[in-house]
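Peer 1: below are the sequence and a predicted model; questions follow.
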Amino acid sequence: MNPAAFGSRSPEPDPVIDILCATWNGAAYLPAFVESLQRQTHPAWRLWVRDDGSTDGTVALLAALAANDPRIVLLPADGERLGAAGSFGRLWERGAPDARYLAFADQDDVWMPHKLARSLARLREEEAWCGEETPVLLHTDLAVVDEALRPLAPSFRAYAGLGALEAPLAERVAHNVVTGCTVLANAALRARSVPLPPDVMHDAWVACVAVACGRTVHLDEPTVAYRQHGGNTIGARREVRPWWPTAWPALWRAFFPWRTRQALVRRQVAAVARLAEALLTQLGDELGAHDRERLRAIAALPRLSLLPRKVALWQQLRVPSRGWLHHLGLVLRG
């Protein structure tokens, strides 16, 4: 008897998740990362890799890995040195053109076996509620480990004191809480967030577009062993909470070493200003009047003279969940 006569049908196959990874001199870490992908309980994935001019054998290693696993796709060398932001931007725009779901990956991390399955299940729950045409970004917590994968902290959110997960757009521009290697996004978010602006980090950009045009969802469990070593582009920075036992050390760090920290903060302010400017340029009239006003003020920060800049920093970049000591340090050094 034909089961089709009773309206039955084969179950839908698991959707493929396209993983985007920008590599640079990562030969020491790539085998462990790829092995962690191959242990995923959701086996329907493809890994798209763009190398940014490695000199340590990374490209040869990737070619060997791809020869043994057809799910690994190495983009042809283009001879351009783009840096982390530009390389991820190129992948976001050109990799996996038919992707339904996309993830970011860092070359030096190790994924827990349930990462893709748990993230996809939660994201699809959200899509069932808001529709697949709505841009959705899912991100998770991480477990912090050292270079040898020895545990340092069970929760990156607690370790780094990231602050509130939900925030208005301007506050999310001022302080990103989305770690790129935990992200899973749907096709609607990719369509809405291309092209990725130059000199803007991919995770901060897609997170802000999701806040402005769609939804963000947090899965409150670690799905990545977040390896810390001397070559991290960003890395985990431990934030000391502003309570009395640690207030004096926190105050000391707010002032010294002055020039080094001032240079770092001013680079961060410039990056936030570029992000605000890009959102204004690419999202335009889709933003509300209040968001446009705040983003214009943030985008103008690097062009202000000293005193107006301090006032604007105090007014525009305050993130309440990070505490007054953090904000004071930002204003003094910015």
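Peer 2: Sure thing, it's come through.
Peer 1: tell me who's in contact with the residue lying closest to Thr55 once chain neighbours are set aside.
Peer 2: Among residues not flanking Thr55 along the chain, Asn25 sits closest, at 6.5 Å (CB to CB, 6 or more residues apart in numbering). Every residue, glycine included, has its C-beta placed from N, CA and C. Contacts for Asn25 (CB atoms under 8 Å, 6 or more residues apart in numbering) come out as 54-56, 58, 231.
Peer 1: next step: those residues restricted to helices.
Peer 2: Secondary structure defined by DSSP state H assigns Thr58 of those to helices.
Peer 1: nearest to Ala103, of the contacts of Asn25?
Peer 2: Ala103 has its nearest neighbour among the contacts of Asn25 in Thr58, at 20.1 Å by CB to CB.
Peer 1: excluding its backbone neighbours, what's nearest Leu295?
Peer 2: Nearest residue to Leu295, sequence neighbours excluded (CB to CB, 6+ apart): Ala276, at 4.3 Å.
Peer 1: neighbours around that neighbour, how many?
Peer 2: Counted with other CB atoms under 10 Å, residues neighbouring Ala276 total 26.
Peer 1: my guess is it contacts Arg292. True?
Peer 2: No - using CB atoms under 8 Å, Ala276 is not in contact with Arg292, being 10.1 Å away.
Peer 1: picking that back up, so the residue nearest to Thr55, which state does it fall into?
Peer 2: Following DSSP: H, G, I helix; E, B strand; the rest coil, the label given to Asn25 is coil.
Peer 1: how about it, phi and psi?
Peer 2: Backbone torsions for Asn25, taken as degrees, to the nearest 10, come to phi 50, psi 50.
Peer 1: make 16 the first number, not 1, from now on.
Peer 2: In the new count, where the first residue is 16, that last one comes out as Asn40.
Peer 1: could you check how far it is from Gly110?
Peer 2: For Asn40, the distance to Gly110 (CB to CB, to the nearest Å) stands at 20 Å.
Peer 1: and what of Pro85?
Peer 2: Shown here: Pro85 relative to Gly110, a distance of 16 Å by CB to CB.
Peer 1: just the buried residues of the contacts of Asn40.
Peer 2: Neighbour counting with 16 or more other CB atoms under 10 Å marks 69, 73 as buried within the contacts of Asn40.
Peer 1: could I get the contacts of Asn40 as JSON lines with pLDDT and distance to Trp126?
Peer 2: Output for the contacts of Asn40, formatted as JSON lines (pLDDT from 0 to 100; distance: CB to CB, whole Å):
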{"residue": "Ser69", "pLDDT": "96", "distance to Trp126": "21"}
{"residue": "Thr70", "pLDDT": "96", "distance to Trp126": "26"}
{"residue": "Asp71", "pLDDT": "95", "distance to Trp126": "22"}
{"residue": "Thr73", "pLDDT": "97", "distance to Trp126": "19"}
{"residue": "Gly246", "pLDDT": "54", "distance to Trp126": "19"}
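Peer 1: max pairwise distance over the contacts of Asn40: which two?
Peer 2: Using CB to CB, the pair of the contacts of Asn40 lying farthest apart is Thr70 and Gly246, separated by 13.4 Å.
Peer 1: can you list the domains in the chain?
Peer 2: Following automatic domain parsing, one finds the domains of the chain at 32-242, 259-348.
Peer 1: which of those is buried the deepest?
Peer 2: Comparing the domains of the chain by mean neighbour count (mean count of other CB atoms under 10 Å), domain 32-242 comes out on top with a mean of 19.
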